[in-house]
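Asks: pasted the sequence and its predicted model underneath.
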Amino acid sequence: MNEKTVTPELAREHGLSPAEYRTVLGILGRTPSLTELGIFSVMWSEHCSYKSSRIHLKKFPTKGPRVLQGPGENAGIVDIGDGLAVVFKMESHNHPSFIEPYQGAATGVGGILRDVFTMGARPIASLNSLRFGRPEHPRTRYLVSGVVSGIAGYGNCIGVPTVGGEVSFDECYDGNILVNAFTLGVVRHERIWLGTAAGVGNPVIYVGSKTGRDGIHGATMASGEFDEKSEEKRPTVQVGDPFTEKLLLEACLELMRTDAIVGIQDMGAAGLTSSSFEMASRGGSGFLMDLDRVPQREEGMTPYELMLSESQERMLIVAKKGREDEVREIFEKWDLDVSVIGEVTGDGVGRVRWRGKTVAEIPIAALTDKAPVYDRPAERPEGQDALQRLDPAGLPAPSDLGETWVRLMCGPELADKKWVFRQYDHMIRTNTLILPGSDAAVLRVKGTRKGIALSVDCNSRYCYLDPFVGGMIAVCEGARNVACSGAEPIGLSDCLNFGNPEKPEVMWQFRSAIEGMAKACEALGVPVVSGNVSFYNETMGKGIHPTPAVAMVGLLEEASKRRVQWFSTDGDLVLLAGADRLGVHLGGSLYLKEIHGKVAGIPPPVDLAHEKRLQEFLREAASVDLIASAHDLAEGGFACALAESCISGPGSAMGARVLNPFPDTTRPDFAMFSECQGVVLLSCAPAKRDALLELARRFRITMKELGVVVGEHVDIEGLARVGAAELRTAWSEGFAAALGLEK
Amino acid sequence: MKTAVLVFPGSNCDHDAYHALKHVVGVDAEFVWHKQGTLDGFDAVVIPGGFTYGDYLRSGAMAKLSPVMGAVRRFAEGGGPVIGICNGFQILLEAGLLPGAMIVNDSLRFVCDYVHLRAGTDRTPFTRGIPEGTILKIPVAHYQGNYYADEQTLSFLEERGQVVFRYCDPEGNVTRESNPNGSARNIAGICSEAGNVLGMMPHPERCSEEAMGSADGRRLFDALVAWLGERTA
Amino acid sequence: MKAKIYVTLKRGVLDPPGKAIRASLSHLGIDGVEDVRVGKFMEITLKEIGVDEARRRLDEACRRLLANTVIEEYRIEIGG
């Protein structure tokens, strides 16, 4: 084989800047081989090295009394007591999903599942955050169907319930959809495995599917000049095989019950390269790998292709010397390929051999330590002030408030997402206590009395108008949703989806969002234990709104104390907690966008101290059985939160008759649809009213009694009234109708 | 009294079936790997749901070839109670232990939701004490749950009392709207002529505890225990 | 040697995917399509065992695994 000679131009084509290439030359003291170039380019890519984001990610609080593992490993680990811990992470698979929605979404799910079970935890639940372009855009329907089928196809087959998520639409995602996948698993403390290569002489073992040419983004071909044969070798879309992943999951968990291994990591982005180099880096060791021993499903694969392939469903294991046969036996039982491909060395060098020759020899510490870190310029866009100007008085009032209300409820943002989650098996493993449809999903932890609450949120309009406040709100909403279910937020994972970081305004958005998120995390005591950054979500120079999606994990000591977001009993009282936080806030609101076609203003203000007290109050109220339901005000404001509380439950629609909580506003539409932070709609049995109000006083939460669950209408006195059953029917059909999908 | 819960490559609901039997109902249960060729010592067999062999080629097509299915056949021929749930039902159909076949849901989408079932006969070990007309609330979760058999077979099933469950509305009316997948005659579950082999698409093991939203599924396992109890008495 | 196997639903068995595809073609403006039946295509590579033996073995493969003869029928093409 004649490998192409590496030149600075070739390095450029691989995504390495001239300065980065000079660093490579400095590290090696010579020109790199093509394989080495591939390794550097992929390890120093934005996705693997976080070079544009690292200095800002440091601002997140990542520690806490419950944190067993913060960012830096395959997933984060948080203690939940009783010797157990939850392992979780969220990841993006945006660009592949736009090109091939089914496989892009499916392989996204597969990847995040592996990140969790590689730590020793059996995945017990998945969630996802999806963003699509305008519903009327010609490609949207196809993308929605494909992505949902892909998530279903993979998640259902592997047997992990998909219990929640969010789906949102905006023009800014027309050319860049977002697919963020989250998975959580449970593990016993003593059964946690890390991705470390240690112990000189220990075998490095490859397990799982054979390697093919999937996902290799090579601008150059590995063997010689371009010729007629090059077409056949073009990179292919990654295709997932959930059946193999299921076998891999069972085999790995079975292996992890023994003590035959030292470390394990999945082969995700950058496949064999990232797993081997990262494991060695963490273990402070080196390795020697022989690529001839890698199971291959294509003929004539070059070392470049073998190192860079992103074939799915593969893991890299470092076992204890002498225990190879135990590993082999388990993987053969599950009909998976298993091959000893190398060993751990002590000299800190990553060595790769192929057909008897050394094709790569890279000092590992340098690869990590000298990886580029950028402090890219950040600048507030000139147009931001204009964007934030909004004069609500200038907005025409709708002639029919009821009709506007229904329109918002049945639009694709707020409509019932049952069309989506009915395609996900959300019941398998019999742990789901609160099924999709409430503010947070709740799962039980068998063998304990505990519950885990999960929610994923982000309001990207707020982040676009003010990324700092938007970031704070993303964290607050996640924590509030989890608190509404009665749980204490114990950690979060994030997916930071942004445009091109080489643009100063994007970098400003990124930095500000992180700073906002960090501030909220500090105030609420919630650490960031894992996450992912996705940059370059742009098409033709037009980037997406900043979308820092937050997946919040909460803990209920008593799962039986969980609360849902819907009313359950006629005669229950309806109250508003945090009533002092009500105000006219239309900036970035759904009402402003859907009805007036504008995205402008500033997001609603956040009072972090109040948020903290509110969330503690909600937990306490749930734990002493004072409330029947809790639902926070979010998109669509008070009117939509009320309607949701009436109609979103699994039974038939309930009615309610309540006062207008904004008595002194002259604009009824502002009262109905203003979006406020830190306000929660509660229902309680009449007998609990006094105790609930007393509890609120203790937590210094301003309560307002609004009315009662009754009748067949959702009735805001003096403002508007809609029939509950009719609203529910329209709401349940709204999503399919808006997208032109089959019901 | 011991039940076998079969495990094939790709089985997912084996743990749920085991949990329902052992921890909820209190019956001894054991996982049996698909390569095992004998079911000696077991009093009942559960073929759980999942995606055996990824549902590749056809659901249950490859699982039917596993060594354990020979033992299941002999066990069934001996009158032993066998229940195939979801993919388990598909495996029984592919193996010819029950008549008919499954095709893809008429919506072409996977469906996971609670449904209502109307009981058709109480002569199987799993429906003893669940008289005809009983309405049960049990969830489904499948992509290929659309039951098909030719007209003659369907008539035989009806005549011989082999239709065990039909999809219905909460009041027990067997309607098109209550059918989640397009199954012929709303059939959700059938039994063999002798009555000891039951196949059903809905998942009773998922609703054996109130916390799950319904405990109706437990009735099938309680029925089995009672039926086995009578045998040994 | 190569063989091609076509597995299709029997006439009379409802074909929901086929129906949906027919409707989509019509929406696309491709007229004149009367019916669509969706099936499976398999390409099998065999050792050189002779056409008759190949046909015999593949027939058994179809009956026992590749086709569900309750609802499907199959066609085997050897060579090409």
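Replies: Received it, and whenever you're ready, just let me know what you need. Everything numeric here is computed off the predicted structure, so don't read it as measured data. Residues are numbered from 1 along each chain as shown, chains lettered A, B, ... in the order given.
Asks: do I have it right that residue A:178 meets residue A:143?
Replies: No: in this structure, residue A:178 sits apart from residue A:143 without contact. The criterion is C-beta atoms under 8 Å, and the distance is 10.8 Å. To be clear about C-beta, it is placed using only N, CA and C from the backbone, and glycine gets the same treatment.
Asks: ok, those two, which is more surrounded?
Replies: Each of residue A:178 and residue A:143 had its neighbours counted (other C-beta atoms under 10 Å in any protein chain shown), and the higher figure belongs to residue A:178 (27 against 23).
Asks: what's the separation between the closest residue to the more buried one other than its chain neighbours and chain B?
Replies: In space, and not counting its chain neighbours, residue A:178 is closest to residue A:131: 3.9 Å by C-beta to C-beta, 6 or more residues apart in numbering or on different chains. Residue A:131 sits 22 Å away from chain B when distances are taken as C-beta to the nearest C-beta, to the nearest Å.
Asks: OK, contacts around residue A:131?
Replies: The neighbours of residue A:131, taking C-beta atoms under 8 Å, 6 or more residues apart in numbering or on different chains as the test, are A:167, A:168, A:169, A:170, A:173, A:177, A:178, A:460, A:497, A:544, A:547.
Asks: at 7 Å instead, please
Replies: Under the criterion of C-beta atoms under 7 Å, 6 or more residues apart in numbering or on different chains, the contact partners of residue A:131 comprise A:168, A:170, A:173, A:177, A:178, A:547.
Asks: list the buried residues in stretch A:69-84.
Replies: Buried residues in stretch A:69-84, counted by 16 or more other C-beta atoms under 10 Å in any protein chain shown: A:69, A:70, A:71, A:73, A:74, A:75, A:76, A:77, A:78, A:79, A:80, A:84.
Asks: just those residues: which are in strands?
Replies: Per DSSP state E, strands hold the following members of the buried residues of stretch A:69-84: A:69, A:76, A:77, A:78, A:79, A:80, A:84.
Asks: so the fifth one sits right up against residue A:68, yeah?
Replies: Yes: with contact defined as C-beta atoms under 7 Å, residue A:79 counts as touching residue A:68 (5.6 Å).
Asks: what do these two both touch?
Replies: Shared contacts of residue A:79 and residue A:68, defined by C-beta under 7 Å, 6+ apart, comprise residue A:85.
Asks: okay, the strand or helix carrying the residue nearest to residue A:178 in CSV with CA atoms only?
Replies: Following DSSP states H and E, the helix or strand that holds residue A:131 is strand A:122-132. Written as CSV, here are the backbone C-alpha positions of strand A:122-132 (Å, rounded to 0.1, in the frame of the first residue of the first chain):
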residue,chain,number,x,y,z
ARG,A,122,-28.4,-0.9,32.9
PRO,A,123,-30.3,1.8,31.0
ILE,A,124,-33.8,2.2,32.4
ALA,A,125,-35.2,5.2,30.6
SER,A,126,-34.6,7.5,27.6
LEU,A,127,-35.8,11.0,26.7
ASN,A,128,-35.3,13.2,23.7
SER,A,129,-35.4,16.8,22.8
LEU,A,130,-36.3,17.4,19.2
ARG,A,131,-36.4,20.7,17.1
PHE,A,132,-37.8,20.9,13.6
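Asks: C-terminal to that strand, what's the next element?
Replies: Beyond strand A:122-132 in the direction of the C-terminus, DSSP H and E gives the next helix or strand as helix A:140-158.
Asks: name every strand pairing with the helix or strand that that following helix is followed by and say which way it goes.
Replies: If you walk from helix A:140-158 toward the C-terminus, the next helix or strand you reach (DSSP H and E) is strand A:162-169. In the sheet containing strand A:162-169, its partner strands are strand A:122-132 (parallel), by DSSP bridges.
Asks: quick one: the helix or strand where residue A:87 lies to strand A:76-81, angle?
Replies: Under the criterion of DSSP H and E, residue A:87 resides in strand A:84-92. Between the axis of strand A:84-92 and that of strand A:76-81 there is an angle of 150 degrees, by axes from the mean of the first three to the mean of the last three C-alpha atoms, to 10 degrees.
Asks: counting by contacts, list what strand A:84-92 packs against.
Replies: The criterion is 3 or more C-beta pairs under 7 Å, 6 or more residues apart in numbering or on different chains; DSSP states H and E, and the helices and strands that strand A:84-92 contacts are strand A:76-81, helix A:101-117, strand A:178-188, strand A:488-497, strand A:528-534, strand A:547-556.
Asks: need the ones you listed in a markdown table with distance to residue A:676, can you?
Replies: Written out in a markdown table, the entries for the helices and strands packed on strand A:84-92 read as follows (distance: least, C-beta to C-beta, whole Å):
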| stretch | distance to residue A:676 |
| --- | --- |
| strand A:76-81 | 30 |
| helix A:101-117 | 33 |
| strand A:178-188 | 26 |
| strand A:488-497 | 20 |
| strand A:528-534 | 26 |
| strand A:547-556 | 19 |
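Asks: okay if I get the ones you listed as TSV plus mean pLDDT?
Replies: Conversion of these to TSV gives the following (pLDDT from 0 to 100):
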stretch	mean pLDDT
strand A:76-81	98
helix A:101-117	95
strand A:178-188	98
strand A:488-497	98
strand A:528-534	96
strand A:547-556	98
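Asks: out of those, which gets nearest to residue A:261?
Replies: Ranking those by distance to residue A:261, with C-beta to C-beta as the measure, places helix A:101-117 first at 13.6 Å.
Asks: which other helices and strands contact that closest one?
Replies: strand A:84-92, helix A:94-99, strand A:122-132, helix A:140-158, strand A:178-188, helix A:242-256.
Asks: returning to what we had before: chain center to the strand holding residue A:87, what's the gap?
Replies: 10 Å (C-alpha atoms, centre = their mean, to the nearest Å).
Asks: ok, and what's touching it?
Replies: By C-beta under 7 Å, 6+ apart, the list of residues contacting strand A:84-92 from outside reads A:68, A:75-80, A:108, A:111-112, A:115-116, A:119, A:121, A:178-189, A:445, A:452, A:493-495, A:497, A:530-532, A:534, A:549, A:551, A:553.
Asks: could you tell me the angle between that strand and strand A:547-556?
Replies: 170 degrees.
Asks: list the neighbouring strands of strand A:84-92 plus their orientation.
Replies: Paired neighbours of strand A:84-92 in the sheet (DSSP bridges): strand A:76-81 (antiparallel), strand A:178-188 (antiparallel).
Asks: using CSV, write down the CA coordinates of it.
Replies: Coordinates of the C-alpha atoms in strand A:84-92 are reproduced here as CSV (Å, rounded to 0.1, in the frame of the first residue of the first chain):
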residue,chain,number,x,y,z
LEU,A,84,-27.2,3.0,44.3
ALA,A,85,-26.4,5.7,41.7
VAL,A,86,-27.9,7.0,38.5
VAL,A,87,-25.7,7.3,35.4
PHE,A,88,-26.8,9.7,32.7
LYS,A,89,-25.9,11.8,29.7
MET,A,90,-27.5,13.6,26.8
GLU,A,91,-25.9,13.8,23.3
SER,A,92,-26.7,15.3,20.0
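Asks: got a list of what residue A:564 touches?
Replies: Residue A:564 makes contact with A:434, A:438, A:629, A:649 under the criterion C-beta under 7 Å, 6+ apart.
Asks: what's the nearest residue to the last one if we skip its chain neighbours?
Replies: Leaving out its chain neighbours, the residue that sits closest to residue A:649 by C-beta to C-beta, 6+ apart is residue A:566, at 3.4 Å.
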